[in-house]
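Trainee: dropping a prediction and its sequence here:
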Amino acid sequence: MAGRGGLPGREIIFEYQGLAASVRLAAIDAATGLEVVVIGPANAARHDLERVALRKLARRLGLNTDGQEKTPRPKGRGVIV
């Protein structure tokens, strides 16, 4: 589904597969072929599973949820608070 849920300009393909009391959702970026998988309860709302999968895919692609590239973290020790 193109641009759904925070990845504008990208075509995302969702694949659902039932596994007993759970469901396996694969989200695939059509341009790069990159695939991420999320497993959740079978009674969970599809929108919730798709939202989690899209956020995971955006992270793998190095994008923010608005589709822009992330700014790299500064190198060195410590934690950004």
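Mentor: Great, that's in hand.

Trainee: now the helices for the chain?
Mentor: Here the chain has its helices, by DSSP state H, at 46-61.

Trainee: show me the shaky parts of it.
Mentor: Along the chain, the parts satisfying pLDDT under 70 run over 1-6, 65-68, 70-74, 79-81.

Trainee: residue closest to the middle of it?
Mentor: The centre of the chain sits closest to L54, judged by Cα atoms, centre = their mean, with a distance of 2.4 Å.

Trainee: verify the stated contact: that residue with A27.
Mentor: Yes. Assessed by Cβ atoms under 8 Å, L54 is found in contact with A27 at 6.2 Å. Glycine gets a C-beta too; all of them are placed from N, C-alpha and C.

Trainee: start to end distance for stretch 40-54?
Mentor: 14 Å (Cα to Cα, to the nearest Å).

Trainee: what comes up buried for it?
Mentor: G40, L49, E50, R51, V52, A53, L54 (16 or more other Cβ atoms under 10 Å).

Trainee: and R46, how far from V23?
Mentor: Remark: distance between R46 and V23 (Cβ to Cβ, to the nearest Å) = 9 Å.

Trainee: re the thing from before, where do the contact lists of L54 and A27 overlap?
Mentor: By the contact definition Cβ atoms under 8 Å, 6 or more residues apart in numbering, L54 and A27 are jointly contacted by I12.
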